[in-house]
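> Test case, fold it:
(chains A and B)
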Protein chains: 2
Amino acid sequence: MPDPRLDVLTIGNAVVDIIAATDDDFLAREGLEKGSMRLIDTDEATRLYEHMGPAREVSGGSAGNTAAGVAALGGRAGFIGQVAEDQLGDIYRHDIRGSGVEFDTPALDIGVPTGRVMVLVTPDGQRTMNTFLGAAQHLPADAIDPKQIEDAAILYLEGYLWDPEVPRRAMTQAIEIARGAGRKVAFTLSDSFCVDRHRDGFLQLLQGGFVDILFANEDEILSLTGAADLDSAIAQVAPQAAVLVVTRSEKGALAIAEGRRVDVSAEPVNRVVDTTGAGDLFAAGFLAAFARGGGLERSLRTGAIAAAEVISHYGARPEADLAALVRERLG
Amino acid sequence: MPDPRLDVLTIGNAVVDIIAATDDDFLAREGLEKGSMRLIDTDEATRLYEHMGPAREVSGGSAGNTAAGVAALGGRAGFIGQVAEDQLGDIYRHDIRGSGVEFDTPALDIGVPTGRVMVLVTPDGQRTMNTFLGAAQHLPADAIDPKQIEDAAILYLEGYLWDPEVPRRAMTQAIEIARGAGRKVAFTLSDSFCVDRHRDGFLQLLQGGFVDILFANEDEILSLTGAADLDSAIAQVAPQAAVLVVTRSEKGALAIAEGRRVDVSAEPVNRVVDTTGAGDLFAAGFLAAFARGGGLERSLRTGAIAAAEVISHYGARPEADLAALVRERLG
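Next up, the predicted model:
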């Protein structure tokens, strides 16, 4: 197996975030569950956009954020995702390439616009996401370049990609290529509501031994297992992945590998502005360190530093020099 | 003359800001003059966008920002400007209406996209703007609804609108309607480079007595008059406008009316993040107060409060509750 050209290659829904500050009353009036991600169609996207306030647009998408984070940490990152031949697609391509991420998926021109997520941020920093997948749900399996997958030390996939059927096939094909090439496969459960929708599929992936590194937060792993408490859930899942990483928001994070568990605390944050991307950037930090031979503790701490940066401002892509932040804290 | 339905109606270039952090080296390599606004064509827009880093998109445009500011201060505001029938145009319309501004200019569908400004922000908070006018330069005179102009206490126009020929005609027509209806006309010189391009036109507007309230910063009024110092420039211009407002960044601002001069200091700001929109929001604050009968001092101080808010974050539209801020400071 030749040395990998990329540290991390991610596949996910290519979407632009449309971020607006809101309040709990607005969520209540709209019947939205705070902290959730729901999929919406064109009509609902139009209706909700008309109701919500002025917004800013920032490129997003869970796996795209993770790739941008890996690059910001000095890692070699790539991303595969589907945008349309339109203005939001141009913005998406510009931003991910400008972040130093390899991105070669050709834009689709089939009359379906680039996907977008209406992100409603409450004063407590929590985000409630309303996702119109658009072109992202048309990522074809033939957009997967086997050579690129073989060139990456770690293939990282978002659970959200399970929602649309076409990219799910692209994802399973990518997993097969990566495993055939002896590369590692990382997977995030993405969201507890997403786990509810696809519990069987996710369990099959794990039980089939297709996942080397699993990322989950507390809600997600509890939803996946139906366990009563975190420790039981961990005990159930840990044997099914070489590395299990569980993020716990302000309570820190933990990782388990070969029966050994390491816990780290969260990095301090002056003011939580927008929690969008916290999990994505945690994964970026963990993977960037892990791909370069970092141990569990260094990988977890790098994840915690990257997550702390991204929740201190609006938008799910890093704004500070993450590599410098990590050098400062971890040497 | 019936009571006005709107406090302030503004006309300007409808553009979306594409904001990226950068450094002095990048400006030097690109040969860009820090703090300036230059007009660019499609090719240069494409080239520069490829070179600049990841960005966020926020609706902007000088007069649009001012209208949004007036609305955020509790004033009744309207805006006239040209967007295209495209995604950026949808975003622009959403944001300005979501800000509570009346906006009824129909989108154009002539194959010219919505305008955008690539805003490069250096670590000192200064912004260097590269404007692709796009659809904005096609604002037709027949987009001016005479009834709407007659309904506004103050018509506010940006000097930038002088650059493209077609909206310049729309603007002069609007001035005639406003004056015919006994309404006030306010005008901003916009930018010292803009004054360089259109000195004669601006001087004719002033000397013709078409401007009741003139906004300028130090560079602009010096450029307009060719005077050696600020006091000489003020002495030259003050007789040509019923109210002259001069903004002086961290040195505060002043206004002169009927021979009386009032100076106010700048509002304190924790950290200057992005100065884009400082002048636009100063004008918003001044006009919102002035339209409701505020005196020079209260109007200036309201302007200073609005300007201080907008430079404390990225983007040229207010994010905090400006009306509450003003109540808190001025009662």
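> which residues in the stretch 51-200 of chain A form strands?
A:56-59, A:77-80, A:102-103, A:115-121, A:127-132, A:152-158, A:184-188 (DSSP state E, counting those that start in this stretch).
> on contacts alone, who are the packing partners of the fourth one?
Identification of packing neighbours for strand A:115-121 by 3 or more CB pairs under 8 Å, 6 or more residues apart in numbering or on different chains; DSSP states H and E yields strand A:15-21, helix A:42-51, strand A:127-132. Where C-beta positions appear, they are placed from N, C-alpha and C, glycine not excepted.
> how far off strand A:115-121 does the first one point, in degrees?
Strand A:15-21 and strand A:115-121 meet at an angle of 20 degrees, taking axes from the mean of the first three to the mean of the last three CA atoms, to 10 degrees as the criterion.
> Quick check: next helix or strand after strand A:15-21?
Downstream of strand A:15-21, the first helix or strand assigned by DSSP states H and E is helix A:24-30.
> Pull out the buried positions in that next one.
A:26, A:27 (16 or more other CB atoms under 10 Å in any protein chain shown).
> Look up how far residue A:158 lies from the spatially most central residue of chain A.
Within chain A, the residue whose C-alpha comes closest to the C-alpha centroid is residue A:62; the distance, by CA atoms, centre = their mean, is 3.0 Å. In this view, residue A:62 and residue A:158 are 4 Å apart by CB to CB, to the nearest Å.
> Spit out the residues that contact the two alike.
A:12, A:13, A:188, A:190 (CB atoms under 8 Å, 6 or more residues apart in numbering or on different chains).
> Need the max-distance pair from those residues.
A:13 and A:188 (12.4 Å; CB to CB).
> More neighbours: which of the two?
residue A:188 (30 against 27; other CB atoms under 10 Å in any protein chain shown).
> Quick one: residues contacting the residue nearest to the centre of chain A.
Taking CB under 8 Å, 6+ apart as the test, what residue A:62 contacts is A:12, A:13, A:158, A:160, A:188, A:190, A:279, A:280.
> picking that back up, of the shared contacts of residue A:62 and residue A:158, closest to chain B?
Closest approach to chain B among these (CB to the nearest CB): residue A:12, at 16.9 Å.
> For burial, what's the neighbour tally of that closest one?
30.
> which residues touch it?
Neighbouring residues of residue A:12 by CB under 8 Å, 6+ apart: A:61, A:62, A:63, A:64, A:66, A:79, A:80, A:81, A:157, A:158, A:160, A:161.
> State the distance from it to residue A:316.
With CB to CB as the criterion, residue A:12 and residue A:316 are 12 Å apart.
> With residue A:76 instead?
On the measure of CB to CB, residue A:76 and residue A:316 end up 21 Å apart.
> who's more crowded, these two?
residue A:316 (30 against 21).
> still on that earlier bit, from the contacts of residue A:62, which two are the most distant?
A:13 and A:279 (14.5 Å).
> and the closest residue to residue A:107 other than its chain neighbours, backbone torsions?
Spatially, and ignoring its direct neighbours in sequence, residue A:107 is nearest to residue A:85 (4.3 Å; CB to CB, 6 or more residues apart in numbering or on different chains). In terms of degrees, to the nearest 10, the main-chain angles of residue A:85 are phi -80, psi 70.
> Could you count how many residues lie near residue A:85?
15.
> likewise residue A:125?
For residue A:125, using other CB under 10 Å, the count is 17.
> Pretty sure it sits against residue A:274.
Yes: counting by CB atoms under 8 Å, residue A:274 is a contact partner of residue A:125 at 5.8 Å.
> what residues are shared contacts of those two?
residue A:311.
> Can you tell me who residue A:17 pairs with across the strands?
Beta-bridge pairing for residue A:17 (DSSP bridges): residue A:58, residue A:117.
> Pretty sure it sits against residue A:316.
Yes: using CB under 8 Å, residue A:17 is in contact with residue A:316, at 6.4 Å.
> Mind listing the shared neighbours of these two?
Joint contacts of residue A:17 and residue A:316 (CB under 8 Å, 6+ apart) are A:58, A:60, A:276.
> Show me how to select, in PyMOL, the buried members of those residues.
This is how PyMOL selects the buried members of the shared contacts of residue A:17 and residue A:316, with burial counted by 16+ other CB under 10 Å:
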select buried, chain A and resi 58+60+276
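> can the shared contacts of residue A:17 and residue A:316 go into JSON lines with extra columns for pLDDT?
Below are these laid out as JSON lines (pLDDT from 0 to 100):
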{"residue": "A:58", "pLDDT": "97"}
{"residue": "A:60", "pLDDT": "97"}
{"residue": "A:276", "pLDDT": "96"}
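> Which member of the shared contacts of residue A:17 and residue A:316 is positioned nearest residue A:291?
Nearest member of these to residue A:291, counting by CB to CB, is residue A:60, at 22.6 Å.
> Could you find the closest non-adjacent residue to the closest one?
Spatial nearest neighbour of residue A:60, excluding adjacent residues (CB to CB, 6+ apart): residue A:17 at 3.6 Å.
> Quick check: residues of the stretch 201-331 of chain A near chain B?
Residues of the stretch 201-331 of chain A found near chain B (CB under 8 Å from any CB of the partner chain) are A:314, A:315, A:317, A:319.
> The second one - nearest residue in space that isn't next to it in sequence?
Pointing back at residue A:315 there. residue A:58 (3.8 Å).
> what about residue A:223, how many neighbours?
21.
> what comes up buried for the helix or strand harbouring it?
In the assignment (DSSP H and E), residue A:223 maps to helix A:218-225. For helix A:218-225, a neighbour-count test (16+ other CB under 10 Å) marks A:218, A:220, A:221, A:222, A:223, A:224, A:225 as buried.
> Kindly state the pLDDT recorded for the third one?
If I follow you right, that is residue A:221. pLDDT for residue A:221: 98.
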